[in-house]
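1. structure for the following, please:
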Amino acid sequence: MTYVVTDNCIRCKYTDCVEVCPVDCFYEGENFLVIHPDECIDCGVCEPECPAGAIKPDTEPGLDMWLKVNADFATQWPNITVKKDEMPEAKEMDGVEGKYEKYFSPEPGKGD
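-> Modelled structure (predicted):
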């Protein structure tokens, strides 16, 4: 099992989860974070820290796509280990439907 970041992170990108991760398995895209599934130790400390509720265990039904997105982009984006400010539009974007199709950017973030 691993945890995955899902679409509600897009254009929110809170990093409270990054700050508590004991193994630094988060990677930063331009407007989204992902978890490297091979590095995640399934401790679960990140899930309750996400203000947007975007982190889920991969055992929940319907998350196959998100496991693939997390796995693919974790190998392309830089590692992030420190808390940063959320995106300016985070509060307005929290809960917006269809964020992956409308807003997802494959571009890397800055990392640490």
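2. now do the end-to-end distance for stretch 105-112.
-> Length of stretch 105-112, first residue to last, C-alpha to C-alpha, to the nearest Å: 19 Å.
3. make that stretch 64-84, sorry
-> End-to-end for stretch 64-84, by C-alpha to C-alpha: 28 Å.
4. ok, residues contacting that stretch?
-> Identification of contacts with stretch 64-84 by C-beta atoms under 8 Å, 6 or more residues apart in numbering yields 2, 4-7, 15-16, 18-19, 21, 24-29, 32-39, 56, 58, 100, 106, 108-112. Where C-beta positions appear, they are placed from N, C-alpha and C, glycine not excepted.
5. also stretch 47-62?
-> When contacts are defined by C-beta under 8 Å, 6+ apart, stretch 47-62 is touched by residues 1-9, 12, 14, 16-17, 19-20, 35, 37, 42, 44, 46, 63, 66-67, 86, 90, 94-95.
6. tell me which of those fall in strands.
-> In strands, defined here by DSSP state E, the members of the contacts of stretch 47-62 are 3-5, 35.
7. where in the chain is pLDDT low?
-> Residues of the chain meeting the criterion pLDDT under 70: none.
8. any idea which helix is longest in it?
-> helix 64-74 (DSSP state H).
9. and that helix, how far from the chain's centre?
-> Averaged C-alpha coordinates place helix 64-74 at 10 Å from its chain's average position (C-alpha atoms, centre = their mean, to the nearest Å).
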